[in-house]
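[1] Have a look at this prediction, sequence included:
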Amino acid sequence: MPEKVLLVGPVHGRLLELVSKTSAIQAKHGPFAALFIVGDLFASTPTDDAAKQLSDLLAGTLSLPIPTYFYQALGSLPADVGKRISEARPSSSNGLVAVTPQLHWAAGKSGVFTTAQGFRVAFVGGDWDAGAFAADGGLGDFDAEDWHESPTQRAEDEKTTYITPSTVRRLLAHPSFRLPKPSVAEEGSAPAAKEGTLAAARASASAEQARAARQSAALEMLQQRPALDLLLTNTWPAGVTLFATGADADAGLPDPTARTWGSPVIARLATHACARYHFALAPSPDSPDLPVGIQEATLGMGAFWERAPYTTDLASYLPAPVRAPLRSVTRFVSLATFGNSGKRRWFVALNLTPADEQGAAVVPPNATPSPYATPKAAKQAKRAQPAEEEQNFRFGEAGRKRARADGDVPPPGYVCRICGVEGHFIRACPSKTNAQQPASAAEGAGKMELPMGLPSKPSFAQGGRQMIPVGPANCWFCLSNPSVEKQLIVTIGSASYLVRPKGPFVHASVNEIPHTGAHFIVVPLAHVADLLPGSHPVHGGQGDDGEKASIRSEVESTKAAVRAVWAKEGHVMLEWTLVRVRTSPRMTHFQTQLLALKSSIEVAEKLDDALEAQANSAKTAVLRSDAAREYFDQTHTEDRGDDGYLHIKLHAQKEREWLVPLYTGTRFPVQFVRSTLAAALQLPQLADWKACTGEADAEQERHDSAALRAMLS
């Protein structure tokens, strides 16, 4: 049976006002079965008036009109409340402690409780502090089945005001958060029996039985998971804005920095929970590592934002595909501070039937895919990809030691000696693989001889290696990656952001822009490898335009704004973009470099000569002016091996433009433009960006980014 429930943002001790406002809502829209407080119910530093209201509440002279539930938020509990909880806790049940007849505390720093109406609610107390979480050791190698904590450990966790590894593990070990373990690879476990023999038949039957047993156990776990109605957290999950567009309920994000908000561990919990509703809060003034450029109004009043619903395909956690859908629908809502002066929405009323009584989820028409990392659904006769490894990359956790895999990504700075491109080890070089394919497979395509000394593969057919591209989970340019140095971000738009590089090409003889603002990178928010139309030859005529048109428009607007600022300082812009869609797994996130050059500097002819020489060496061509621009409008359905391009444009008094088409067999230096400029300007120390990183002061970088943001506004 449906019940009405009410959720309210942080109250901060304004208990009398809470009673007044919720009584009015109750009278107008009630009756409500439950009221949930998201964030702090009590004031961290109470005034005399707030202390008096708390005293009245505990004494019973002030009573809440609706059964109210709260949990540990950002601050510590008032002493009187803590004492009342200690006295009542031994006789508590269902994970709830009665503070007053109408006020219930959810026991622990994190956990799951069930209301009298049957609503199952998960909560995470404490603030997100990435440094403190890492200092506590992070999640590490965690097995939910083996995990256990003593009452002493649980009590120690409750004493802290930030999220600890124990806070997270406690929930991951709960049945409502459990997910099937990834399948263990079978190859190499025993010598393969000769095909067609009785031993081979027995081995095949045994393997099939094992797969069926794993499938049955995993399916049973998913079907018997206690479903969650609500997930309450004090912090956004990192990456929740992925796939969110202007078509959402409020037609935009609540703050220019919103895409950088959130915690990766909350994202992991949200991925496991698949709750029907997830309520969270924007950063507060006391939050560690505040986003650069966050609005003062947001810090003071919080933020309301309702994301379009997203779906999670739980069948992706199964070793084999299933016919019946196993799909959940989650709605994410950020609540503003209770009774804020800006009239930002601080409450949400829901009409809910408990999940245990609800049928299969109905997917709304505006639903998006899950913004979090999940395994890809299993295909027939293939095992599912290991889910835990994928999550380890996304959340920056220490994964299990594993054997070297074909899809391993080398560390930054590693360059393959075969093709001169970053992003893969020599053993996985696509150029090497292409060159060693049998003649029948390579018919009609160009062949490339291996360098001397490298052994050749046998000519018989072998299983091809799959190039595994870098995804949002471990991409250097995805804002959901916790490793992103957010203090370098200058502006964030609706489709892209502008950031300063770690190793800028900056020298007094070349450019002098205040606040080290002579070198930028403009990057789409979406994880896209290129902005070419779907009909372009790079995609073989099979691409998807998606949101690329809006991204292109915003990127061009950003470049125009930067050019205008630099022009006032007597500088021109040199921009360049390198795209390789098929042969470099590291180049999966499009980016354009913008460099300021003093208008008196002449680099056009040297760039032209260097491009011509490099193109001749790579057996490709240099397109100039109109021909360069026409490249982007090509359409071709036949796969010609198009892999991408290098595009350079100099916005000087005499505009110059070059484009070098690249193919799967084309070798082209990743740092060509930078190394060419360094040689032309006699600044060899700037050729390698890693040599230009220096010892940066994070606070100074935040100041510079803020100053540049003001210049561009």
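    Good, I have the coordinates.

[2] does Gly641 really touch Leu662, like I thought?
    No. Taking contacts as Cβ atoms under 8 Å, Gly641 lies outside contact range of Leu662: 9.7 Å. The C-beta positions use only the backbone N, C-alpha and C, and glycine is treated the same way.

[3] what about the two, which has more around it?
    Between Gly641 and Leu662, counted using other Cβ atoms under 10 Å, the more crowded position is Leu662 (26 against 18).

[4] residues in contact with Leu574?
    594-595, 597, 603, 648-651, 677 (Cβ atoms under 8 Å, 6 or more residues apart in numbering).

[5] Give the ChimeraX command for selecting the buried subset of those residues.
    In ChimeraX, this line selects whichever of these come out buried by 16 or more other Cβ atoms under 10 Å:
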select :594,595,597,603,648,649,650,651,677
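
[6] Which of the contacts of Leu574 fall in strands?
    594-595, 597, 648-651 (DSSP state E).

[7] So which of those is the closest to Gly60?
    Leu594 (64.8 Å; Cβ to Cβ).

[8] Can you name the residues bridging to the closest one?
    Phe520, Glu575 (DSSP bridges).

[9] Would you agree it is in contact with Glu556?
    No. Counting by Cβ under 8 Å, Leu594 stays clear of Glu556, with 11.9 Å between them.

[10] On the three-state scheme, Val523 is what?
    Following DSSP: H, G, I helix; E, B strand; the rest coil, Val523 is assigned to strand.

[11] residue contacts, Trp658?
    Counted by Cβ under 8 Å, 6+ apart, Trp658 has contacts 607-608, 611, 622-624, 628, 646-649.

[12] which of those are buried?
    607-608, 611, 622-623, 628, 646-649.

[13] Which ones among those map onto helices?
    607-608, 611, 628 (DSSP state H).

[14] Quick one: these as JSON lines, columns for pLDDT and distance to Glu485 too.
    As requested, those are exported to JSON lines (pLDDT from 0 to 100; distance: Cβ to Cβ, whole Å):
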{"residue": "Leu607", "pLDDT": "92", "distance to Glu485": "30"}
{"residue": "Asp608", "pLDDT": "91", "distance to Glu485": "35"}
{"residue": "Leu611", "pLDDT": "92", "distance to Glu485": "32"}
{"residue": "Ala628", "pLDDT": "89", "distance to Glu485": "33"}
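
[15] Tell me where the stretch 601-713 of the chain has helices.
    604-617, 625-631, 672-680, 698-712 (DSSP state H, counting those that start in this stretch).

[16] out of these, deepest packed?
    Among the helices of the stretch 601-713 of the chain, helix 672-680 has the highest mean neighbour count (mean count of other Cβ atoms under 10 Å), at a mean of 19.

[17] now it and helix 604-617, what's the angle there?
    Inter-element angle recorded for helix 672-680 and helix 604-617: 130 degrees (by axes from the mean of the first three to the mean of the last three Cα atoms, to 10 degrees).

[18] what about the helices of the stretch 601-713 of the chain, which gets the closest to Ser110?
    Using Cβ to Cβ, the nearest of the helices of the stretch 601-713 of the chain to Ser110 is helix 698-712, at 29.9 Å.

[19] report the angle between the axes of the closest one and strand 519-524?
    Using the same axes, to 10 degrees: helix 698-712 against strand 519-524 is 80 degrees.

[20] The most centrally placed residue in the chain and Ser284, how far apart?
    Nearest to the geometric centre of the chain sits Ser480, at 2.8 Å (Cα atoms, centre = their mean). Distance of Ser480 to Ser284, given as Cβ to Cβ, to the nearest Å: 21 Å.

[21] cool, Ser91 as well?
    From Ser91 to Ser284 the distance is 34 Å (Cβ to Cβ).

[22] Sketch out the low-pLDDT regions of the chain for me.
    Low-confidence segments of the chain, defined by pLDDT under 70, are located at 182-196, 245-251, 323-325, 375-474, 540-546, 585-587, 636-639, 695-696.

[23] Which helix runs longest in it?
    Per DSSP H, the chain has its longest helix at helix 198-223.

[24] That one: how far from the chain's middle?
    34 Å (Cα atoms, centre = their mean, to the nearest Å).

[25] go on, stretch 618-635?
    Worked out by Cα atoms, centre = their mean, stretch 618-635 lies 34 Å from the chain centre.

[26] likewise stretch 582-593?
    Worked out by Cα atoms, centre = their mean, stretch 582-593 lies 17 Å from the chain centre.

[27] got it, and stretch 236-244?
    Using Cα atoms, centre = their mean, the offset of stretch 236-244 from its chain centre is 7 Å.

[28] And it, end to end?
    14 Å (Cα to Cα, to the nearest Å).

[29] Ala618: neighbouring residues, count only.
    By other Cβ under 10 Å, the burial measure for Ala618, its neighbour count, is 17.

[30] The spatially closest residue to it that is not a sequence neighbour: neighbour count?
    Spatial nearest neighbour of Ala618, excluding adjacent residues (Cβ to Cβ, 6 or more residues apart in numbering): Thr666 at 5.0 Å. Using other Cβ under 10 Å, Thr666 is surrounded by 24 other residues.
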